[in-house]
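1. Need a 3D model of the sequence below.
(one chain, ligands or ions: 1)
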Amino acid sequence: MEYYPDTLKSLQLLQSLGFDLFVVTNQSGVGRGYFSMEAVYVVHRQLQNDMREHKLQPFKDFAICPHSPDEKCNCRKPSGQMIKDLMEKYHISPEHSYMVGDKLIDAESGKNAGIQGVLVRHLTSPDFPSYKTLLEFAQTLKK
Ligand SMILES: [Zn+2]
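-> Next comes the predicted model:
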């Protein structure tokens, strides 16, 4: 598993600012039969181990859409459903929550869940704030 240079540092900064971290991910490869859910869990376990190894809190939870687009589920991003479910489960208020991603559908899923969508890494859009890196975004929250 490889990370962009500042990713773990960014996550550390976000946690130090009091944010809980979640992963919200489309894994249509499962629905298309390319790999199993177990393979997805293996990656998530590795991610959690890497977090602990770097003295970070693990991610609070993972929301996974395993469906292919043909299945027309209601969870696949850009739907806001996975985020809404997490906010309900953990009693998270939308005002100080962000959905950060490197694809437009990530930011859109935030918007569809009623929270601020944010783009990182080379993607810009008139509809969402965008930052070169996750660290750059995290630093704007540090007041
Ligand atoms: Zn789905």
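2. quick one: the helices in the chain?
-> 7-16, 28-31, 37-53, 81-89, 104-112, 134-141 (DSSP state H).
3. anything in the second one near the ion?
-> Translated: helix 28-31. No - between helix 28-31 and the ion, judged by Cβ under 5 Å from the ion, nothing touches; the nearest distance is 7.7 Å. Placement of C-beta: from N, CA and C, glycine included.
4. Contacts for that helix, please.
-> 35-37, 40, 65-71, 76 (Cβ atoms under 8 Å, 6 or more residues apart in numbering).
5. Narrow these to those in strands?
-> Secondary structure defined by DSSP state E assigns residue 65 of the contacts of helix 28-31 to strands.
6. Most tightly packed of the helices of the chain?
-> When the helices of the chain are scored by mean count of other Cβ atoms under 10 Å, the highest mean neighbour count falls to helix 104-112 (a mean of 21).
7. Return a PyMOL selection command for the buried portion of the contacts of helix 28-31.
-> Of the contacts of helix 28-31, the buried ones go into a single PyMOL selection, burial set by 16 or more other Cβ atoms under 10 Å:
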select buried, resi 40+65+66+67+68+76
